[in-house]
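*Asks:* what's the 3D shape of this:
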Amino acid sequence: MDRKDEEHLIHIASLLARSTCNDLSPMEQTELAHWLSDAPANQQLYAKVRSKQLQQKALEHIATFDSNNAYDRVKEQLSFAEDNSPVLRRKIWFGAAAAALLISCSFAAYLFFGRQQHTDLVAEAKDQVATSQKATIVLADGRTFTLDGGEKQIRMSQGALRDGTGKLIAETGSASSAKITTPKGATCDIQLSDGSLVKLNAASSLIYPLDFRAEQREVTLEGEGYFEVAKQEGKPFVVHTARQRVAVLGTHFNIAAYAGNEVTSTTLLEGSITVEPVDRHVQVLLRPGEQSVLNLANVLTKKKVAVEQEVAWLYGRFNFEGKHLREVMDEVSRWYDITVRYEGQVPNVEFFGGTFRSSKLNTILKLLDSNDIRYKLERDSVLIIGEMPMQKEPMQKGGTTGKN
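*Replies:* Numbering: from 1, shown residues only. All right, here's what the predicted structure looks like:
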């Protein structure tokens, strides 16, 4: 299923969901009627969406989601390329059938989005895609390099930085370490000198030695990164973040440690790791399919998770499952390089599902519209979200402002 097909299905799912609340405009009713007349299967699906019994079954299915089986599926799919190139194999794990997607989206919309009245007309939001800014590398001696558009893979190779094709980026000389930073809307793959592989998410950075000569291999992460650590007997690999320390020997895991987040989460895909706060003498041992959560009170806990949802970004996807508005908009702002500002009380909305990161911003804003959340996108890429009208001009749902 490609992005256009998915966006069309999401749109139809929205119509189906709001039809259960008798909340369609005359134009939308006509559109839905045309879709229903296209095929008997569409009429059957509509009947299922309207069925309260099937809605309850869908909820029960969601509640009994098997995170262990999900982990087994993603572990088989997720790895860097077999030639040790730091390029992830882009296998689409969101390969749901169209009907299943429609039913899921419709049930979710019915539960989370369909309980408020939709009375405003929806205007087209600004068509904005992910930023084209470029990653940078700063060596310990101060030299700075900006990667061009094709350099999304970095390798350490005999005193040099090279791209994924082997092309020389820079001689490292006497520099002992480097810091690579990804901008908003971009990711980067890095192969370290020991063969370990790291993928940085948007607005993230990694500080790492150009050669691991100490008794343990240590790196520092800001933001989010996925690690495939090469095994070296007696030489542990340690990832430092602002608030925790993760120690491994050889394993696959993901750390989300953005500065503004209320929690730091670490998700294990393979092997075992220990996680500990920087200022407390406690440890949590993680097994595959488990996630540790360190909150602002420095309390460290662990839980079972759906691994394929936690690493959705590796596949070019947004995962909004079970996340609230601020969490969703944090991800959106990092990817589309926008600033989100809240006016008044922030709606306590829980989202479901996800979409492609290659989608235009307008696709994401439709999720806000579906939940009757008022927003306004300014010309300077400031997204204002609020329930109450602004003082000088009303905030219209789905609107954009600025001079043409």
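
*Asks:* in which helix or strand would I find residue 142?
*Replies:* Per DSSP states H and E: residue 142 is located in neither a helix nor a strand.

*Asks:* And it, how close does it get to residue 27?
*Replies:* From residue 142 across to residue 27, the span is 60 Å (C-beta to C-beta, to the nearest Å). Any C-beta I mention is one placed from the backbone N, CA and C, and that applies to glycine too.

*Asks:* From residue 232, how far off is residue 223?
*Replies:* Separation of residue 223 from residue 232 (C-beta to C-beta) stands at 25 Å.

*Asks:* The two - which one has more neighbours?
*Replies:* For residue 223 versus residue 232, the count of surrounding residues by other C-beta atoms under 10 Å is larger for residue 223: 21 against 16.

*Asks:* In three-state terms, how would the more buried one be classified?
*Replies:* strand (DSSP: H, G, I helix; E, B strand; the rest coil).

*Asks:* Now the nearest residue to residue 324 once chain neighbours are set aside. Its backbone dihedrals?
*Replies:* Once flanking residues are discounted, residue 324 sits nearest to residue 350: 5.8 Å by C-beta to C-beta, 6 or more residues apart in numbering. Backbone torsions of residue 350, given as degrees, to the nearest 10, read phi -110, psi 130.

*Asks:* Now do the helix or strand where residue 329 lies, average pLDDT.
*Replies:* Here residue 329 sits within helix 325-336, counting by DSSP H and E. Averaged across helix 325-336, pLDDT comes to 93.

*Asks:* thought residue 363 was touching residue 355?
*Replies:* Yes. Residue 363 is in contact with residue 355 according to C-beta atoms under 8 Å; the separation is 6.0 Å.

*Asks:* those helices in this protein, which residues are they?
*Replies:* Under the criterion DSSP state H, the chain contains helices at 3-19, 26-38, 40-50, 52-63, 67-77, 98-108, 307-310, 325-336, 361-370.

*Asks:* So what pairs up with residue 383 in the strands?
*Replies:* Taking DSSP bridges as the rule, residue 383 bridges to residue 340, residue 377.

*Asks:* cool, and residue 356?
*Replies:* Taking DSSP bridges as the rule, residue 356 bridges to residue 317.

*Asks:* re earlier: how many residues are close by the residue nearest to residue 324?
*Replies:* Neighbours of residue 350 using other C-beta under 10 Å come to 16.

*Asks:* ditto for residue 196
*Replies:* Counted with other C-beta under 10 Å, the neighbours of residue 196 add up to 24.

*Asks:* and it, what is it in contact with?
*Replies:* With contact taken as C-beta atoms under 8 Å, 6 or more residues apart in numbering, residue 196 is in contact with 217, 227-230, 237.

*Asks:* okay, among those, which ones form the most distant pair?
*Replies:* The distance between the two most remote of the contacts of residue 196 (C-beta to C-beta) is 13.3 Å, for 217 and 228.

*Asks:* buried set for stretch 274-290?
*Replies:* Across stretch 274-290, burial judged by 16 or more other C-beta atoms under 10 Å covers 274-277, 284, 286, 288-290.

*Asks:* go on, stretch 322-339?
*Replies:* Buried residues in stretch 322-339 (16+ other C-beta under 10 Å): 323, 325-338.

*Asks:* re earlier: residues making contact with the helix holding residue 329?
*Replies:* In contact with helix 325-336 (C-beta under 8 Å, 6+ apart) are residues 128-131, 184-185, 201-203, 258, 260-261, 318, 320, 338-340, 346-349, 351, 357, 361, 364, 367, 373, 381, 383, 385.

*Asks:* what do you get for stretch 173-184?
*Replies:* 130-131, 133-141, 143, 154, 159, 161, 172, 188, 190, 200-211, 223, 333-337.

*Asks:* Could you identify the buried members of these?
*Replies:* Neighbour counting over those (16+ other C-beta under 10 Å) leaves 130-131, 134-139, 154, 161, 172, 188, 190, 200-210, 223, 333-337 as the buried ones.

*Asks:* how many other residues sit next to the closest residue to residue 211 other than its chain neighbours?
*Replies:* In space, and not counting its chain neighbours, residue 211 is closest to residue 193: 5.1 Å by C-beta to C-beta, 6+ apart. Residue 193 is flanked by 18 other residues according to other C-beta under 10 Å.
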